[in-house]
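>>> Below are the sequence and a predicted model; questions follow.
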Amino acid sequence: MEDRANKLLVKAAQKLNQANQELYKPEEDIVSFLVCKNSQFAIENYLKGYLLKNGIEPSELKTIESLYKECVRINKAFKKVDLTQFDCKIHRTELRYCNEVSKVSHCFDVANSLDTLLREQKVI
């Protein structure tokens, strides 16, 4: 489980970095789909990686919301990550995406908040 967790956390950081690079482009050059999907995958992988590090198999948890709730159950510090404006939390990530820069920026912020939290908690 530890090896799978570490691979997911590394992949999450890579996806977050890819989303970040896309956001640094001028607004008219941003491919919002790339920011959206990379942010979604980062969020999902951070949550799954955390669960695996805590001995929980996340394969039955199909949505970001269910992964997040399980993380909150284990560690209340996850409540600092605000998913209220994250529209894809109740859907499977492969089925949803946004095209508006403001929405994908929020998705990036959620992924970045998870990265920050996991670094503060010394998980990564």
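Looks like it came in fine.

>>> roughly how far apart are the residue nearest the centre of the chain and residue 76?
Nearest to the mean C-alpha position of the chain, counting by CA atoms, centre = their mean, stands residue 43 at 0.8 Å. With distances taken as CB to CB, to the nearest Å, residue 43 is found 19 Å from residue 76. The way it works is simple: take the backbone N, C-alpha and C, and place the C-beta from them, glycine included.

>>> residues in contact with residue 1?
By CB atoms under 8 Å, 6 or more residues apart in numbering, the contact list for residue 1 reads 52-53, 55, 57.

>>> now do residue 118
With CB under 8 Å, 6+ apart, residue 118 has these contacts: 9, 46, 50, 124.

>>> Swap in 6 Å and give it another go.
By CB atoms under 6 Å, 6 or more residues apart in numbering, residue 118 lies in contact with residue 124.

>>> Work out for me the element it sits within.
helix 101-120 (DSSP states H and E).

>>> Residue 7 now?
Using DSSP H and E, residue 7 sits in helix 2-23.

>>> what's the angle between that helix and helix 101-120?
Relative orientation of helix 2-23 and helix 101-120, computed by axes from the mean of the first three to the mean of the last three CA atoms, to 10 degrees: 140 degrees.

>>> For helix 2-23, enumerate the helices and strands it packs against.
helix 32-53, helix 101-120 (3 or more CB pairs under 6 Å, 6 or more residues apart in numbering; DSSP states H and E).

>>> Reformat those helices as CSV; add distance to residue 18 and mean pLDDT.
Formatted as CSV, the helices and strands packed on helix 2-23 follow (distance: least, CB to CB, whole Å; pLDDT from 0 to 100):
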stretch, distance to residue 18, mean pLDDT
helix 32-53, 5, 93
helix 101-120, 10, 87
